[in-house]
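Engineer: Sequence and predicted model, in that order:
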Amino acid sequence: MLNIALPKGRLGETVYDIFENAGFPCPSIRESGRKLIFENPDADVRYFWAKPSDVSIYVERGAADIGVVGKDILLEYEPDVYELLDLGVGTCRMAVAAPRGYRDNPQHTLRVATKFARIARNHYAAAGRDIDVIHLNGSIEIAPILGLSDVIVDIVETGTTLRENDLEVIETIVPVSARLIANKSSYAFKTAQIERLTRELAKKEEA
Ligand code: PRP
């Protein structure tokens, strides 16, 4: 049986639809309730919902054979997994944003609030800029408004959150989308099954 970790939430539901259309259905997953693990022995699959940032942990440690995770998580945590496919959903971008009209002073250490410390450090290291990373867990947008940081590094999807908080993108770091990942030893032991799934998902994406 293939163990599949899906990110809990709206993206996860979209991703499950893609898996179902590709021939890996598990109808019980659509039942409402608080259950988190679902299996369909006929299709040889077991799905479970994990917190999006935890999907790569399940896959890296082999508790899941495969999973779906945003590219942002892969860049931030650099898990030791195979990245098999860009699913083309959950598209957004990682960006630097600041209060509207913000003027940078390159002489000063830049205070950056973010959930994505590694992405922020790598981005500014490449530009040779000193930064002070302020690690937050959510609602990043309020940090510069309250004077906790100069800028933020965060996910921007529609841009609504920035707009409604008088912030604007000053730089895009990288585009983000959902990726199919696999545990390395699962890939070695369940090669045929994982390759078939990857092929079917890729076909659906082309269609
Ligand atoms: C993400 C991100 C932004 C928002 C961007 O937050 O951190 O706050 O979505 O989306 P938009 O451009 O469409 O407005 P999420 O909902 O994951 O919550 P959190 O980061 O505050 O935990």
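Structural biologist: Yep, that arrived.

Engineer: Could I get the pLDDT score of the residue positioned nearest the centre of the chain?
Structural biologist: Note on the chain: the residue nearest the mean C-alpha position is G70, at 2.1 Å, using Cα atoms, centre = their mean. At G70, the pLDDT value in this model is 97.

Engineer: which helix in this protein runs the most residues?
Structural biologist: With secondary structure taken from DSSP state H, the chain has its longest helix at helix 191-206.

Engineer: model confidence over that helix, on average?
Structural biologist: 94.

Engineer: CA atoms of that helix as CSV?
Structural biologist: C-alpha atoms of helix 191-206 as CSV (Å, rounded to 0.1, in the frame of the first residue of the first chain):
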residue,chain,number,x,y,z
THR,A,191,9.5,2.2,-7.9
ALA,A,192,6.9,0.8,-10.2
GLN,A,193,4.0,2.0,-8.1
ILE,A,194,5.5,5.5,-7.5
GLU,A,195,6.5,5.9,-11.2
ARG,A,196,3.0,4.9,-12.4
LEU,A,197,1.4,7.4,-10.1
THR,A,198,3.8,10.1,-11.2
ARG,A,199,3.2,9.3,-14.8
GLU,A,200,-0.6,9.4,-14.4
LEU,A,201,-0.4,12.7,-12.5
ALA,A,202,1.8,14.2,-15.2
LYS,A,203,-0.7,13.1,-17.9
LYS,A,204,-3.6,14.8,-16.1
GLU,A,205,-1.6,17.9,-15.8
GLU,A,206,-0.8,18.0,-19.6
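
Engineer: What helices and strands are in contact with that helix?
Structural biologist: strand 2-7, helix 10-21, strand 82-86, strand 178-182 (3 or more Cβ pairs under 8 Å, 6 or more residues apart in numbering; DSSP states H and E). Placement of C-beta: from N, CA and C, glycine included.

Engineer: got the angle for the last one vs strand 82-86?
Structural biologist: Relative orientation of strand 178-182 with respect to strand 82-86: 150 degrees, computed using axes from the mean of the first three to the mean of the last three Cα atoms, to 10 degrees.

Engineer: Give me the contacts around strand 178-182.
Structural biologist: Outside strand 178-182, the residues that touch it by Cβ atoms under 8 Å, 6 or more residues apart in numbering are 7, 11, 15, 55-56, 59, 65-71, 74, 79, 81-90, 194, 198, 201.

Engineer: Kindly recompute the last result at 7 Å.
Structural biologist: With contact meaning Cβ atoms under 7 Å, 6 or more residues apart in numbering, strand 178-182 is reached by 11, 15, 56, 59, 65-71, 74, 81-87, 89-90, 194, 198, 201.

Engineer: Adjacent strands (with direction) for that strand?
Structural biologist: Sheet partners assigned to strand 178-182 using DSSP bridges are listed as strand 66-70 (antiparallel), strand 82-86 (antiparallel).

Engineer: would CSV of these with distance to the ligand be doable?
Structural biologist: Below are the strands paired with strand 178-182 laid out as CSV (distance: least, Cβ to the nearest ligand atom, whole Å):
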stretch, distance to the ligand
strand 66-70, 10
strand 82-86, 20
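
Engineer: Please identify the most buried of the ones you listed.
Structural biologist: strand 66-70 (a mean of 28; mean count of other Cβ atoms under 10 Å).

Engineer: what's the following helix or strand after it?
Structural biologist: Next along the chain after strand 66-70, taking DSSP states H and E as the criterion, comes helix 71-77.
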